[in-house]
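Engineer: Starting from these lines, generate the structure:
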Amino acid sequence: VALAAALFIEPDLLMLDEPTNHLDLEAVLWLESYLVEYKHTLVVVSHDRGFLNEVCTDIIEFKDRKLTYYKGNYDTYVKTSDEMVKNTMRVYNAYQDKRSHLMEFIEKFRANAKRATMVQSRVKTVEKMDLEAPEPVEIEPLWRFNIPNPEPLGRPIISVDDA
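Structural biologist: Numbering: from 1, shown residues only. Sure, this is the predicted structure:
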């Protein structure tokens, strides 16, 4: 009833939290078709990927106290987000490789008087790189759980005496 009332007045900003919960398939399909044609701003929080793919045209991710905007439906968001993580990982790994190569040179020739200016140059390069270093990439681990199979129930399961 509250959802119907909110849809009836057509607010400029409609915020829905898990709108598909407790709806049957026919109602979900109707809601999807209605929201696709909705003329105003719609903010949806949902775990229903099919619903998000049908209704959403933009996704906003709130992570690490930052908002990141993505164009497209939920599947596009997942693909784009994964690509961004991979690209960020490549940049970070390239930085780590270059830094470790420079540090090897510094450690190898630190005591060599002939290469002191080269070592100092590499030290300054590493210091500058560290100031502009990319953030390490944190990949969220998949959260998995399982429900073990229950032990067989003993006999009798229910016993009624003198009923």
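Engineer: The lengthiest helix in the chain - contacts with which helices or strands?
Structural biologist: Once the chain is assigned using DSSP state H, the helix that runs over the most residues is helix 74-109. With contacts taken as 3 or more CB pairs under 8 Å, 6 or more residues apart in numbering; DSSP states H and E, helix 74-109 sits against helix 49-55, strand 58-63, strand 66-71, helix 116-131. Bear in mind the C-beta positions are built from the backbone N, C-alpha and C, glycine included.
Engineer: Pull out the buried residues from the third one.
Structural biologist: Spelled out, that is strand 66-71. Going by neighbour count (16 or more other CB atoms under 10 Å), the buried part of strand 66-71 is Tyr70.
Engineer: Give me the residues contacting it.
Structural biologist: Thr57, Asp58, Ile59, Ile60, Glu61, Thr76, Tyr77, Thr80, Ser81 (CB atoms under 8 Å, 6 or more residues apart in numbering).
Engineer: now do 10 Å
Structural biologist: Identification of contacts with strand 66-71 by CB atoms under 10 Å, 6 or more residues apart in numbering yields 56-62, 76-81, 84.
Engineer: in its sheet, what does it sit against?
Structural biologist: Applying DSSP bridges to the sheet, strand 66-71 is found paired with strand 58-63 (antiparallel).
Engineer: Looking at the strand it pairs with now, give me its mean pLDDT.
Structural biologist: Per-residue pLDDT values over strand 58-63 give a mean of 93.
Engineer: do stretch 94-110 as well
Structural biologist: If you average the pLDDT over stretch 94-110, you get 93.
Engineer: now stretch 122-135
Structural biologist: On average, stretch 122-135 scores 92.
Engineer: Give me the buried positions along that stretch.
Structural biologist: Within stretch 122-135, the residues that qualify as buried are Arg122, Val126, counting by 16+ other CB under 10 Å.
Engineer: Need the contact partners of it.
Structural biologist: Stretch 122-135 is contacted by residues 64, 88-96, 98-106, 109-110, 115 when judged by CB under 10 Å, 6+ apart.
Engineer: re earlier: tell me what angle the longest helix of the chain forms with helix 116-131.
Structural biologist: 160 degrees (axes from the mean of the first three to the mean of the last three CA atoms, to 10 degrees).
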